[in-house]
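Using only what follows, build the 3D model:
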Amino acid sequence: QVQLVESGGGLVQAGGSLRLSCAASGRTFSSYGMAWFRQAPGKEREYVGYISKSSGTQYYADSVKGRFTISRDNAKNTVYLQMNSLKAEDTGVYYCAATTAIMLGSMKTNPDGYAYWGQGTQVTVSS
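Next up, the predicted model:
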């Protein structure tokens, strides 16, 4: 079992930056592949990116590639989402998620593959 708590959301102007954090407690953090998803009002939850548990390899949705960076600090049991060049369409509630499963290919993008979720943090980008 792992508990996840996101922080760092807020209101930012278009073109600005934010860094989200997701602190994990419970079982060994390094055992989990970690992902970020987001959900805008009236829309389905959308995959943002994933970082593997072992190599730390990152994968991103096309919509955020080149602007967002996922990193993890296993010593601090924390995963980060650095968001640069923010756009109004990046607005939503951002969730971190954890899985012990091996996530191959498009499996990473499916919310059903993640057993553990944080409560979310709101990001609002004003245009």
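
Pull up the gap between the spatially most central residue of the chain and residue 26, please.
Nearest to the mean C-alpha position of the chain, counting by Cα atoms, centre = their mean, stands residue 36 at 1.9 Å. Going from residue 36 to residue 26 by Cβ to Cβ, to the nearest Å gives 19 Å. Placement of C-beta: from N, CA and C, glycine included.

With residue 32 instead?
9 Å.

now do residue 4
Residue 4 sits 9 Å away from residue 26, going by Cβ to Cβ.

what about these two, which has more around it?
The neighbour comparison of residue 4 against residue 26 (other Cβ atoms under 10 Å) goes to residue 4, with 23 against 14.

Would you agree the more buried one is in contact with residue 23?
Yes: between residue 4 and residue 23 there is a contact under Cβ atoms under 8 Å: 7.3 Å.

in the chain, what spans have low per-residue confidence?
Applying pLDDT under 70 to the chain flags the ranges 27.
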